[in-house]
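[1] Give me coordinates for this.
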Amino acid sequence: METKYLIVGAGPAGMASAYELAKAGHKPVVLDIEEQAGGICRTLDHQGYLFDIGGHRFLTKSKEIQELWRGIMGSDLLRVKRLSRIYYRYRFFSYPLKFFDTFLKLGLWGSGKAISSLLWCKYRKRGDLKTFEGWVTRNFGRELYKVFFEHYTEKVWGIPCTNLSADWAEQRLRGLSLKSLLRSIFSLNEKKRPKTLTEEFLYPRTGPGEFFKRFQADIERRGGRFFWGRKIVELKTDGKKVISVIAQDLRDGNLEEIRVEKVCSTMPLPLLARALDPKAPAEVLKASEALRFRSFLVVNVVLNVEKLFPDQWIYIQDPDVRMGRIQNYKNWSPAMVPDLTRTSLGLEYFCDEDDDFWSKSDVDLIDLAMSELQKIGIASRKNLINGFVVRIPHAYPIYSMGYMENVKVLRNYLERFENLKTFGRGGLFRYDNADHALLSGLWTARNILGGADCDVWGIQADTSYLES
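    The predicted structure follows:
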């Protein structure tokens, strides 16, 4: 095969770049390891029940992305009133945090400790501002850090919060403080709310996968081609350009060489560096090994119960269960379930591909998930109708201490290949949301088409609403 534009990955970023290229009259070829478009934003159909992979709000500050969503989805884009809470020690706390709800549930003693701790840490400058733990402690106090941040964050990343860069807190919690929380409670002006406190969002009626299904159809109508179940195993270069890409068809194991003029890659940055032929220098390979991604799996279940809780999702901060978050898809959109007397849940667990948890059987994982649901009082095991498990590798780039130095090493080396562009969550090694990824795809396509000088690496977090 031969193509002028090869796009690696059919997630939000890859789809956006393919769309922009197709609009300009080109016929991009898109390869993806999965069997459908959308990446983590796919929607899975299980016996008529629709499951999002983690719950993906359509929320952005970008007018262009807003218009793209509306242009593709039309009236099938719902406006949803947000409701989410934190579960901790048999109590549910409103999230975004509400002053009176929080301190009422913490009790007089707990509230006193929290306020004293906040004042002590804030004005005594307690906490190393280079780490996630230190940043949150300085801004919220030790007690609130332990209740609302520590356990959930360590579940997600699998490392102590002392080893997690403060970049994660800066990205996710910038603008959020006790002062801003109080202001958000008493202010009627939505524009003054911190960006993590948005109370409404848009959501496709039958899940985000419908957006990408229509997006794909538009690209194909313009001449774009998609090849599913393809894994990139090698990029052959001449030192200045990528000459061809070797892809493996996972269905039959066959390898195919694709000659290219330009490559747009959303594959994880360290995997891309290790796939180069000739091999990258030792210091580049060392940097690639130092960058890690966190994976996760979702135990999806259908329960014979009409109403469990009103939230779209619940964060499980409690250390007594391994579960990290619960999604209730019927509360995102009623069309996600074929029978409104039943409920479908996505039970999220964060792990690594090389640990024992990742390799557990679906039966064992469903059994564990139902045991934990029962333990925290959400649902009884007797209500289980059926379930399945989806595993997502390389989902979240880990912001470990010093990670940016390694990203810079890889970026500097890869930029020597003039026809190779990296973008998207994996290609930038940046935890962004779908709107941010879409924007990076549009910008990448415009850069390679010429006439644009968009700084894809410099897309600011302020262009997105960010929240874990």
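[2] drop to CA atoms for contacts and neighbour counts, all remaining ones
    Fine.
[3] any low-confidence regions in the stretch 101-250 of the chain?
    Within the stretch 101-250 of the chain, the stretches with pLDDT under 70 are 174-198.
[4] At which residues are the strands of it located?
    For the stretch 101-250 of the chain, applying DSSP state E, counting those that start in this stretch gives strands covering 200-204, 225-228, 230-237, 242-249.
[5] by contact count, what packs against the lengthiest helix in the chain?
    What stands out as the longest helix in the chain, according to DSSP state H, is helix 99-123. In terms of contacts (3 or more C-alpha pairs under 8 Å, 6 or more residues apart in numbering; DSSP states H and E), helix 99-123 is packed against strand 91-95, helix 132-140, helix 142-145, helix 178-186.
[6] quick one on the thing from earlier: CSV for the strands of the stretch 101-250 of the chain, including mean neighbour count and distance to L77?
    Output for the strands of the stretch 101-250 of the chain, formatted as CSV (neighbours: other C-alpha atoms under 10 Å; distance: least, C-alpha to C-alpha, whole Å):
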stretch, mean neighbour count, distance to L77
strand 200-204, 20, 4
strand 225-228, 17, 25
strand 230-237, 20, 31
strand 242-249, 20, 35
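[7] Rebuild the ones you listed as a markdown table, extending it with distance to D52.
    Converted to a markdown table, the strands of the stretch 101-250 of the chain look like this (distance: least, C-alpha to C-alpha, whole Å):
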| stretch | distance to D52 |
| --- | --- |
| strand 200-204 | 11 |
| strand 225-228 | 20 |
| strand 230-237 | 23 |
| strand 242-249 | 26 |
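[8] Select, out of those, the one closest to I326.
    Shortest distance between I326 and the strands of the stretch 101-250 of the chain, using C-alpha to C-alpha, is found for strand 200-204: 17.5 Å.
[9] Just the CA coordinates for that closest one, please, in PDB.
    The C-alpha trace of strand 200-204 is given here as PDB (Å, rounded to 0.1, in the frame of the first residue of the first chain):
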ATOM      1  CA  GLU A 200     -24.000  21.100  32.700                       C
ATOM      2  CA  PHE A 201     -22.500  19.400  29.700                       C
ATOM      3  CA  LEU A 202     -23.500  18.000  26.300                       C
ATOM      4  CA  TYR A 203     -23.700  14.300  25.600                       C
ATOM      5  CA  PRO A 204     -24.700  12.400  22.400                       C
END
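[10] neighbouring contacts of it?
    Residues outside strand 200-204 that contact it (C-alpha atoms under 8 Å, 6 or more residues apart in numbering): 56-59, 73, 76-82, 210-211, 332-333.
[11] Counting neighbours, which of these end up buried?
    Buried by 16 or more other C-alpha atoms under 10 Å: 56-59, 73, 76-78, 80, 82, 210-211, 332-333, out of those.
[12] I'd like to know which of these is nearest to W120.
    Checking these against W120 by C-alpha to C-alpha gives R82 as the nearest, at 33.5 Å.
[13] Now that that closest one has come up, it's in contact with W313, right?
    No: using C-alpha atoms under 8 Å, R82 is not in contact with W313, being 9.2 Å away.
[14] how close does the residue nearest to I246 when sequence neighbours are not counted get to L6?
    With C-alpha to C-alpha, 6 or more residues apart in numbering as the criterion, I246 has its nearest non-adjacent residue at 4.5 Å, and that residue is E257. Here E257 is placed at a distance of 12 Å from L6 (C-alpha to C-alpha, to the nearest Å).
[15] For T131, list the residues it contacts.
    The contact partners of T131, taken as C-alpha under 8 Å, 6+ apart, are 161-167, 401.
[16] which among those gets closest to A13?
    Closest to A13, out of all of the contacts of T131 and judged by C-alpha to C-alpha, is D167, at 22.2 Å.
[17] For that closest one, grab the count of nearby residues.
    D167 has 20 neighbours, counted by other C-alpha atoms under 10 Å.
[18] Might one say that it is in contact with Y399?
    Yes: the criterion here is C-alpha under 8 Å, and D167 meets it with Y399 at 7.1 Å.
[19] rewinding a little: of the strands of the stretch 101-250 of the chain, which is nearest P268?
    Among the strands of the stretch 101-250 of the chain, the nearest to P268 by C-alpha to C-alpha is strand 230-237 (11.1 Å).
[20] List of residues touching that closest one?
    The contact list for strand 230-237, computed with C-alpha under 8 Å, 6+ apart, reads 31-34, 242-250, 275-278.
[21] so the residue nearest to I246 sits in a helix?
    No: counting by DSSP: H, G, I helix; E, B strand; the rest coil, one finds E257 to be strand, located in no helix.
[22] Report the contact partners of it.
    So E257 contacts 1, 244-247 (C-alpha under 8 Å, 6+ apart).
[23] Out of the residues you listed, the closest to W157 would be?
    W157 lies nearest to A247 out of these, by C-alpha to C-alpha, at 30.4 Å.
[24] The closest one against A275, yeah?
    No: using C-alpha under 8 Å, A247 is not in contact with A275; the gap is 11.0 Å.
[25] coming back round to it: between the contacts of E257, which is closest to L44?
    Of all the contacts of E257, A247 has the smallest distance to L44: 25.2 Å, by C-alpha to C-alpha.
[26] And that closest one, how far from W228?
    In this structure, A247 and W228 are 11 Å apart, going by C-alpha to C-alpha.
[27] ditto for P12
    Separation of P12 from W228 (C-alpha to C-alpha) stands at 15 Å.
[28] Ok, N419 next?
    23 Å.
[29] Kindly report the same for G71.
    Counting by C-alpha to C-alpha, the gap between G71 and W228 amounts to 26 Å.
[30] May I ask you to name the longest strand in the protein?
    Ranked by number of residues, the top strand in the chain under DSSP state E is strand 384-397.
[31] Just checking: what are the partner strands of it?
    strand 293-303 (antiparallel) (DSSP bridges).
[32] What lies in contact with the partner strand?
    Identification of contacts with strand 293-303 by C-alpha under 8 Å, 6+ apart yields 51, 53-54, 156-158, 342-353, 358, 365-366, 369, 383-398.
[33] hang on, the earlier thing: between strand 384-397 and whatever helix or strand comes next after the longest strand of the chain, find me the angle.
    The C-terminal neighbour of strand 384-397 among helices and strands, as given by DSSP states H and E, is helix 403-414. Helix 403-414 runs at 70 degrees relative to strand 384-397, counting by axes from the mean of the first three to the mean of the last three C-alpha atoms, to 10 degrees.
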